[in-house]
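[1] structure for this input, please:
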Amino acid sequence: MIGEGVTIMRRNINWRMSYAVMLVLTTLYGCSKTGDVETQSISDPLNATYEIGDQLVTLVNGHADTPAAPGSSTKITTGVWGTPEIADLDSDGREDAALVLIHDTGGSGTFYYVVAAIREDDGYRGTSGVFLGDRIEPRSIAVVDNRITVGFLGREPDDAFAAPPSVPMEQLAIYDPDTLQLAQVARDFEGEADPARMTLQMKTWYWVKTVYNDGTVHTPVKPDVFSLTFGDDGNVNVTTDCNNLRGNVVVDENRIQFGQMMSTRMYCEDSQEQLFSKMLDNISSYFFTDRGQLVLEIKFDSGSMIFR
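    Numbering: from 1, shown residues only. Predicted coordinates for the structure are as follows:
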């Protein structure tokens, strides 16, 4: 864990140092054609041009104000939520960035988008945005390979926008090196999905229920709390209703085995953590369904854990 923290710290320091040096030496401009829209390459993600809807928005130190219409006093304001997540989205060995943008059109709505800034020879090129929601509450942004996952609080479809966002949600976007843009992945794969294209690393998986062959069923008392996030490094991050865990996982074709976990040390009364951990200890294989679910099969064909 300490080594991982040092790596992240060094990565962020290197990016900030590179950014400072570029600002002192020069301001780089270039053009890159993305579909039918021309966007600029600029020296850092907080000063790049992004496509939001059908508009090009150029940030200056992470902020932009543009008139809502020619001659209008109403401003469309765009800013950056949190801190850009630095990662190599296009596998070229250079540091790109994923950002969440807040787009306020001056009306009642405040719209959120995830975008990427791709490092090129002459600077950073901004992508088009993937819409996250209106008046949501972003909580996290994470990158694995070319996949960006944004966690946020939203609302049920029937909830009024006056109600504060309270429903945990995620949106997955994938950087496509062919189109040079972000592609949206259907949230929670509602409807049909293609199991042949699904991977363990593609999203954070939330425990729905465990069904045993003897008819026993376990469901989480607190929905959207128990989760699995698989990394490409052979590790898995586990969240529960009490502690967070991290450990290794061995995957061989459809066989899977969870290894020893390191955990925080909180005590929580009435927690289902031990039940959940014991289930993971007995997992032997997995498969995906055309409903976008991950199914972990328990040893001796005794039952299944279902995740969405």
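[2] does residue 244 really touch residue 264, like I thought?
    Yes - using C-beta atoms under 8 Å, residue 244 makes contact with residue 264 at a distance of 5.4 Å. The way it works is simple: take the backbone N, C-alpha and C, and place the C-beta from them, glycine included.
[3] more crowded one of the two?
    Remark: of residue 244 and residue 264, residue 244 carries more neighbours, 14 against 10, as counted by other C-beta atoms under 10 Å.
[4] who's in contact with the more buried one?
    Listed by C-beta atoms under 8 Å, 6 or more residues apart in numbering, the contact partners of residue 244 are 237, 238, 263, 264.
[5] can you do 6 Å?
    residue 264 (C-beta atoms under 6 Å, 6 or more residues apart in numbering).
[6] ok, now how distant is it from residue 224?
    Distance, residue 244 to residue 224, by C-beta to C-beta, to the nearest Å: 15 Å.
[7] and what of residue 196?
    27 Å.
[8] these two: who's more crowded?
    Using other C-beta under 10 Å, the more surrounded residue of residue 196 and residue 224 is residue 224, with 16 against 7.
[9] just to check, that one is in contact with residue 169?
    No - applying C-beta atoms under 6 Å, one finds residue 224 not in contact with residue 169, separated by 8.4 Å.
[10] can you report phi and psi for the nearest residue to residue 225 once chain neighbours are set aside?
    Spatially, and ignoring its direct neighbours in sequence, residue 225 is nearest to residue 241 (5.0 Å; C-beta to C-beta, 6 or more residues apart in numbering). Here is the backbone geometry of residue 241 (degrees, to the nearest 10): phi -80, psi 10.
[11] what's the answer for the one 5 residues further on, then?
    Main-chain dihedrals, residue 246, degrees, to the nearest 10: phi -150, psi 140.
[12] pretty sure it is in contact with residue 264, am I right?
    No - at 9.6 Å, residue 246 and residue 264 do not qualify as touching, with contact defined as C-beta under 6 Å.
[13] quick one: end-to-end length of stretch 93-107, please.
    42 Å (C-alpha to C-alpha, to the nearest Å).
[14] ok, now stretch 198-206?
    Note: stretch 198-206 ends 15 Å apart using C-alpha to C-alpha.
[15] contacts for that stretch, please.
    144, 172, 224, 227, 228, 229, 230, 232, 288, 294, 307, 308.
[16] the strands in the stretch 151-300 of the chain, which residues?
    167-176, 181-185, 205-212, 217-218, 227-230, 235-239, 244-252, 255-263, 283-288, 294-298 (DSSP state E, counting those that start in this stretch).
[17] could you tell me the least trusted of those?
    Ranked by mean pLDDT, these bottom out at strand 181-185, with a mean of 84.
[18] chain center to that one: distance?
    12 Å (C-alpha atoms, centre = their mean, to the nearest Å).
[19] same question, stretch 170-188
    Distance, centroid of stretch 170-188 to centroid of chain: 10 Å (C-alpha atoms, centre = their mean).
[20] contacting residues around it?
    Residues contacting stretch 170-188 (C-beta under 6 Å, 6+ apart): 34, 89-90, 114, 116, 127-128, 130, 132, 146-151, 203, 308.
[21] would you mark the buried spots in that stretch?
    By 16 or more other C-beta atoms under 10 Å, the buried positions in stretch 170-188 come out as 170, 171, 172, 173, 174, 175, 180, 181, 182, 185, 188.
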